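J.: need coordinates for the following:
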Amino acid sequence: MVEFCDECGGMMFTSRDNNKKTLKCNSCNATKPLDDDIIKKYQYIIKTDPLKKQTIKE
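T.: Numbers count the residues shown, from 1 in each chain. Now for the predicted structure:
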């Protein structure tokens, strides 16, 4: 998944602003806070199945 800028529709990238994690648009330089709700959308859990010796992404 990708976050897009509310102002111009450009792709948002992670950045640091005064030691705070933010999302920043490379097109118009708009920023928005990188809050826990956004972080949870992109996290996944990696489990290893010992019998199949495969990595499973959830």
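J.: tell me how many other residues crowd Phe4.
T.: 12 (other Cβ atoms under 10 Å). (Each C-beta comes from the backbone N, C-alpha and C, glycine too.)
J.: no no, Met12
T.: Met12 has 21 neighbouring residues, counting by other Cβ under 10 Å.
J.: doesn't Lys32 make contact with it?
T.: Yes: applying Cβ atoms under 8 Å, one finds Met12 in contact with Lys32, separated by 7.3 Å.
J.: give me the common contacts of those two.
T.: Common contacts of Met12 and Lys32, defined by Cβ atoms under 8 Å, 6 or more residues apart in numbering, comprise Leu23.
J.: low-scoring pLDDT stretches of this structure, where are they?
T.: Filtered on pLDDT under 70, the chain yields the residue ranges 1, 42-58.
J.: please redo it, this time with the cut-off set to 90
T.: Along the chain, the model assigns pLDDT under 90 to residues 1-3, 14-22, 32-58.
J.: show me the contacts for Phe4.
T.: Taking Cβ under 8 Å, 6+ apart, one finds 10-12 in contact with Phe4.
J.: apply 10 Å and report the result again.
T.: Contact analysis of Phe4 by Cβ atoms under 10 Å, 6 or more residues apart in numbering lists 10-12, 23, 25.
J.: where do the strands of the chain begin and end?
T.: 12-17, 20-25, 31-33, 46-49, 54-57 (DSSP state E).
J.: now the angle between strand 20-25 and the first one, please.
T.: Calculated by axes from the mean of the first three to the mean of the last three Cα atoms, to 10 degrees, strand 12-17 forms an angle of 140 degrees with strand 20-25.
J.: buried ones in strand 12-17, by neighbour count?
T.: Neighbour counts over strand 12-17 (16 or more other Cβ atoms under 10 Å) mark Met12 as buried.
J.: elements contacting it?
T.: Judged by 3 or more Cβ pairs under 10 Å, 6 or more residues apart in numbering; DSSP states H and E, strand 12-17 is in contact with strand 20-25, strand 31-33.
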